[in-house]
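[1] sequence below, structure please.
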Amino acid sequence: MFRPLLLATALGLMAQTATAEVNPGAYLAGRQAQTTNDYREASRYLAQALAGDPNDYAILEQLAASHISLGEIDEAAAIASRLTQAGGTSQLANLATLAQQTREGEWSRTLEDMEAGLSVGSLFDGLARAWTLLGDGQTDAALAAFDAVAGQQGLAAFGRYHKALALASLERFEDAEALLADGALSLTRRGTVAHAQILSQLGRPDEAIATIEEAFGNGTLDEPLSALRDRLQAGETIDYTIARDAVEGMAETAFDIGNILVSEASPAFTLLYGRTVTYLRPDHVEAILLNSALLDELGQYELAIEASEGIPEDDPAFAAAEIGRAEIMIRSDRLDEAIDTLRALSESHPSRAPILMALADALREDDRTEEANAVYTDALEAFGDDDPSRWIALFSRAVTYERLDEWSEAEADFRAALEVNPDSPIVLNYLGYSMLERGEDYDEALSLIERAVAARPDSGFIVDSLGWGLYRLGRFDEAVEPMERAVELMPVDPVVNDHLGDVYWMVGRKLEARFQWQRALSFVDNDQNDEVEPDRIRRKLEIGLDRVIDEEEGTPLIVNDGG
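    Numbering: from 1, shown residues only. Below is the predicted model of the structure:
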């Protein structure tokens, strides 16, 4: 929406008293669970700890925070009530209280509580009071309250934007559009959608389309925005949906603050606002996606998957959300479920290239290379010949061909990918290194790798390719500098350390070579890279690289494809 200075919001206890008997084991377990963002365990242990002293302010607030993080706002509001009755106060608990009262439409009670000192923070309070006045039917007072927020230093954009949303909720679209058309407002994605919806309501679809394309470009829109533009171009009048009443306005307030906190605060703190949004408005797609992303970042994969399930199948964002959900499944070692999810999505949304790419990538992750190859072919058909993104599918299919020992097909796809994206360092590196492995056209192969390094000089994998390629060509002295650079970039990678050891050995730096091989072995246990050959490294340490090569009668090239 906009980026004014955000007033600091301290969610801490405003009062504190001495505690009675608290179960120390449960309390410490609850605090540890909070530290690791395990909100379910935190709420369980903190509830046990609270049994010893039901009025412990600190535990009450921490328990409320855990419930909010789980999306259990009603439970958090109940804890907040206990905190208030015990004589304490907490801005965090107040957030849950205001959210619950808002959803239940208790506008007069909220106004009374705010007058009595119920506060979440300066910015939230001002907008919340304005929306609460609107919910209470005090329209003029509400609009004046939005103006009061706009009159505060650094908050003009917030006040004007939310006043526009409120006017639109009253169907005063001309007044709302006049505020949004003000060049001083820098609208975010959701603000731009609100403006387009309002222009559509005013019978100005061409301006609505121009608003979208000016903000996001023409031809580069994501699926929801593209669907909105298509509906406008078809002459459909778009309903205003961003904040249709005071409850949704309060949700929008929490979302806008959370959206700013993404770049200014921890994901755990931002999640408190995101959960508040979806409590007030369960169909808020952007907040659903935000919560899922935050929980994923916090390592709470199960909660992230659950959080992403609220988007209906007919929503334009559904496919992207399901792809994201499958990616989280993969990170949480649920690869089979991810493949099933993506396969079902590919069947319900056929011929969607991003879906097919995600499915093929998951199949390749599961070593189902032939199946992945076939799905990449389907993805290429879905992309079409003119899509600049099709190089990714060509490259990915080439990798599957290479792993299936179908080199002619792989090389054709690698070269076709370079025709679409000539400077792709990943393709340049993989093709060049594969050619070196096969003993084909060393000059071109090394030239491809050098181009890859020039394009991405800080990629350890690619710099390693150059050094190791020079080694394989017998240019040992030249290989030293890039291999040392690769180790600087990837100091704990066993493959790169092993390679540097081999290079050192060949230039007579045998003590350093053994040191690098020892380092490589020390990293093997934590590495899942099948390029690592620990037995071979041990043999080199035992008898030296020269004798290992004699035993093998030629060392096979180790492909490092850049991940």
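[2] can we go C-alpha only for contacts and neighbour counts from here?
    Noted.
[3] and the longest helix belonging to the chain, what does it pack onto?
    Looking across the chain with DSSP state H, the single longest helix is helix 246-264. If you count contacts as 3 or more CA pairs under 8 Å, 6 or more residues apart in numbering; DSSP states H and E, helix 246-264 packs onto helix 91-103, helix 122-135, helix 156-169, helix 267-280.
[4] could I get the average pLDDT for the next helix or strand after the last one?
    Remark: after helix 267-280, the chain's next helix or strand is helix 285-297, criterion DSSP states H and E. The average pLDDT for helix 285-297 rounds to 97.
[5] tell me the helices and strands packed up against helix 285-297.
    helix 267-280, helix 301-307.
[6] can we see that at 10 Å?
    Helix 285-297 is packed against helix 246-264, helix 267-280, helix 301-307, helix 318-331, with contacts defined by 3 or more CA pairs under 10 Å, 6 or more residues apart in numbering; DSSP states H and E.
[7] for it, buried residues please.
    Residues 285, 286, 287, 288, 289, 290, 291, 292, 293, 294, 295, 296 are the ones in helix 285-297 that count as buried (16 or more other CA atoms under 10 Å).
[8] how about the helices in the stretch 1-150 of the chain?
    24-35, 39-50, 57-69, 73-85, 91-103, 107-115, 122-135, 139-150 (DSSP state H, counting those that start in this stretch).
[9] which residues of the stretch 151-300 of the chain score low on pLDDT?
    219 (pLDDT under 70).
[10] hmm, 80 instead?
    Where the stretch 151-300 of the chain drops to pLDDT under 80, the residues are 183-184, 218-220.
[11] need the contact list for the most centrally placed residue in the chain.
    The structure's the chain has its C-alpha centroid closest to residue 293; by CA atoms, centre = their mean the separation is 4.7 Å. By CA atoms under 10 Å, 6 or more residues apart in numbering, the contact set of residue 293 is 267, 271, 287, 299-301, 304-305, 307-308, 324-325, 328.
[12] quick one: which of those is most hemmed in?
    residue 287 (28 neighbours; other CA atoms under 10 Å).
[13] can you give me the end-to-end span of stretch 486-497?
    9 Å (CA to CA, to the nearest Å).
[14] and the residue nearest to residue 401 when sequence neighbours are not counted, how far from residue 40?
    Once flanking residues are discounted, residue 401 sits nearest to residue 410: 4.9 Å by CA to CA, 6 or more residues apart in numbering. Going from residue 410 to residue 40 by CA to CA gives 48 Å.
[15] residues of stretch 481-492 that come out buried?
    For stretch 481-492, by 16+ other CA under 10 Å, it's 482, 483, 484, 485, 486, 487, 489, 490, 491, 492.
[16] and the residues you listed as a markdown table, adding distance to residue 463, secondary structure and pLDDT?
    Putting these into a markdown table (distance: CA to CA, whole Å; DSSP: H, G, I helix; E, B strand; the rest coil; pLDDT from 0 to 100) gives the following:
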| residue | distance to residue 463 | secondary structure | pLDDT |
| --- | --- | --- | --- |
| 482 | 6 | helix | 97 |
| 483 | 7 | helix | 97 |
| 484 | 9 | helix | 97 |
| 485 | 7 | helix | 97 |
| 486 | 5 | helix | 97 |
| 487 | 9 | helix | 97 |
| 489 | 9 | helix | 97 |
| 490 | 10 | coil | 96 |
| 491 | 13 | coil | 95 |
| 492 | 15 | coil | 93 |
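[17] quick revisit: comparing residue 410 and residue 40, which shows the higher neighbour count?
    residue 410 (24 against 16).
[18] so is that one in a helix, a strand, or just coil?
    Under DSSP: H, G, I helix; E, B strand; the rest coil, residue 410 falls in the helix class.
[19] for it, list the residues it contacts.
    For residue 410, the contacting residues are 394-404, 416, 431, 434, by CA under 10 Å, 6+ apart.
[20] and which of those is nearest residue 450?
    residue 431 (11.9 Å; CA to CA).
[21] from the chain's centroid, how far away is stretch 231-242?
    29 Å (CA atoms, centre = their mean, to the nearest Å).
[22] for stretch 474-494, same thing?
    The chain centroid and the centroid of stretch 474-494 are separated by 33 Å under CA atoms, centre = their mean.
[23] now swap in stretch 77-97 and tell me
    Worked out by CA atoms, centre = their mean, stretch 77-97 lies 32 Å from the chain centre.
[24] stretch 399-410 too?
    32 Å.
[25] what is the burial count for residue 422?
    13.
[26] contacting residues around it?
    Residue 422 sits next to 391, 415, 416, 428 when contact means CA under 10 Å, 6+ apart.
[27] then residue 477?
    Residue 477 neighbours (CA under 10 Å, 6+ apart): 467, 470, 471, 503, 504, 506, 507.
[28] PyMOL command to pick out the buried ones of the residues you listed?
    Buried members of the contacts of residue 477 can be picked out in PyMOL with the line below, counting by 16+ other CA under 10 Å:
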select buried, resi 467+470+471+503+504+506
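[29] closest to residue 317 among the contacts of residue 477?
    Nearest to residue 317, judged by CA to CA, of these is residue 467 at 44.4 Å.
[30] then the closest one would be within a helix, right?
    Yes - remark: residue 467 belongs to a helix, assigned using three-state DSSP.
[31] can you start the count at 484 instead of 1 from here on
    Yep, numbering from 484; the last one is residue 950 now.
[32] residue 980 is in contact with that one, correct?
    No - between residue 950 and residue 980 there is no contact under CA atoms under 10 Å: 11.7 Å.
[33] shared neighbours, the two?
    966, 967, 969, 986.
[34] what does the pLDDT read for residue 485?
    Looking at residue 485, the pLDDT reads 40.
[35] now tabulate the helices and strands packed on helix 729-747 in JSON lines and tack on distance to residue 1030.
    Putting those into JSON lines (distance: least, CA to CA, whole Å) gives the following:
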{"stretch": "helix 574-586", "distance to residue 1030": "68"}
{"stretch": "helix 605-618", "distance to residue 1030": "72"}
{"stretch": "helix 639-652", "distance to residue 1030": "73"}
{"stretch": "helix 750-763", "distance to residue 1030": "54"}
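[36] quick one: low-confidence parts of the stretch 934-1046 of the chain?
    In the stretch 934-1046 of the chain, residues with pLDDT under 80: 1008-1014, 1036-1046.
[37] ok, 90 please
    955, 1007-1016, 1034-1046 (pLDDT under 90).
[38] for it, which segments count as helices?
    Using DSSP H, counting those that start in this stretch, the helices found in the stretch 934-1046 of the chain span residues 943-955, 959-972, 977-989, 993-1007, 1017-1026, 1028-1035.
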